[in-house]
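# structure, please.
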Amino acid sequence: MIDDFYEQAAVVTYPVSLAEVKLWCKLSTSTVEDTLLNSLITAATEAAEKYTNRLFISRTVTGYYAFLDGSSDFENGYFITLRRAPVTAVTTVKVYVDDVLTTIEATEYNLKQSNGGFSRIVFEEVNDSPDYGPYPYQVAFTAGYGVATAVPEMIKTAIKETIANWYQNRGDCGSGSELPSIAKGILGAYRISNTFSC
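Next up, the predicted model:
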């Protein structure tokens with residue numbers, strides 16, 4: 001059972017531009033459908049991020065955790081799994097001590113990066129039974145590939161394929177938010193399940 005949630009900064013830019021989408025979809029340079037296409041860029045990016053459990057454009061994230069993990073084949077002590085990827089930096093790690101949100105010194109934990117899964121904050125020592133709830137642990141970090149040019153081309157291709165499919169099949173029955181099979185096939189290589197591997 002996963003007892004954590006995340007607040008992340010709003011997306012300012014996207015992995016694919018309006019011009020790239022128009023070229024991919026073989027559309028004219030007319031601006032008549034720009035509003036629609038921009039909304040499809042937003043929706044397709046969000047769907048791909050949700051499917052892969054990754055953030056594409058770097059942004060700040062704050063994670064809230066109900067408890068620490070303590071049983072793993074990979075760790076001996078307590079840790080927090082950061083379920084957003086790829087993690088590039090940890091800003092602060094905090095825990096409630098005597099009902100006061102207190103910063104844990106960076107020397108008291110390590111960021112353990114993962115090649116194909118979620119990264120972890122591994123503690124040397126930590127209060128594993130804080131007297132505050134329901135989310136006594138907080139981690140602020142940065143996740144994402146960087147700017148649009150740093151996002152893998154395969155991910156961009158999947159987003160453009162999704163947009164093209166949604167654009168061409170407007171009004172069809174269905175939930176309207178499912179990724180087309182070609183996009184799922186591409187994104188499968190980037191999808192992270194709720195496991196950790198080194």
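# show me what secondary structure element comes after the one helix or strand residue 22 maps to.
Using DSSP states H and E, residue 22 falls within helix 18-24. Going down the chain from helix 18-24, the next helix or strand is helix 34-52, by DSSP H and E.
# buried stuff in that following helix?
Within helix 34-52, the residues scored as buried using 16 or more other CB atoms under 10 Å are 37, 40-41, 43-45, 47-49, 51-52. For every residue, glycine as well, the C-beta is placed using N, CA and C.
# what does stretch 79-91 give?
79-88, 90.
# quick one: low-confidence parts of the chain?
1-2, 71, 73, 131-132, 171-177, 194-198 (pLDDT under 70).
# what packs against the lengthiest strand in it?
Looking across the chain with DSSP state E, the single longest strand is strand 87-97. Under the contact criterion of 3 or more CB pairs under 8 Å, 6 or more residues apart in numbering; DSSP states H and E, strand 87-97 touches strand 100-103, strand 109-112, strand 119-123, strand 137-143.
# which of those sits closest to residue 159?
strand 137-143 (17.7 Å; CB to CB).
# what's the spacing between the closest residue to residue 138 other than its chain neighbours and residue 137?
Residue nearest to residue 138 in three dimensions, not counting chain neighbours: residue 94, with 4.6 Å by CB to CB, 6 or more residues apart in numbering. As judged by CB to CB, to the nearest Å, residue 94 and residue 137 stand 7 Å apart.
# those two: which is more packed in?
residue 137 (24 against 16; other CB atoms under 10 Å).
# how far off centre is stretch 47-64?
Here stretch 47-64 shows a centroid-to-chain-centroid distance of 2 Å under the convention CA atoms, centre = their mean, to the nearest Å.
# one more: stretch 66-80?
For stretch 66-80, the distance to the chain centre is 21 Å (CA atoms, centre = their mean).
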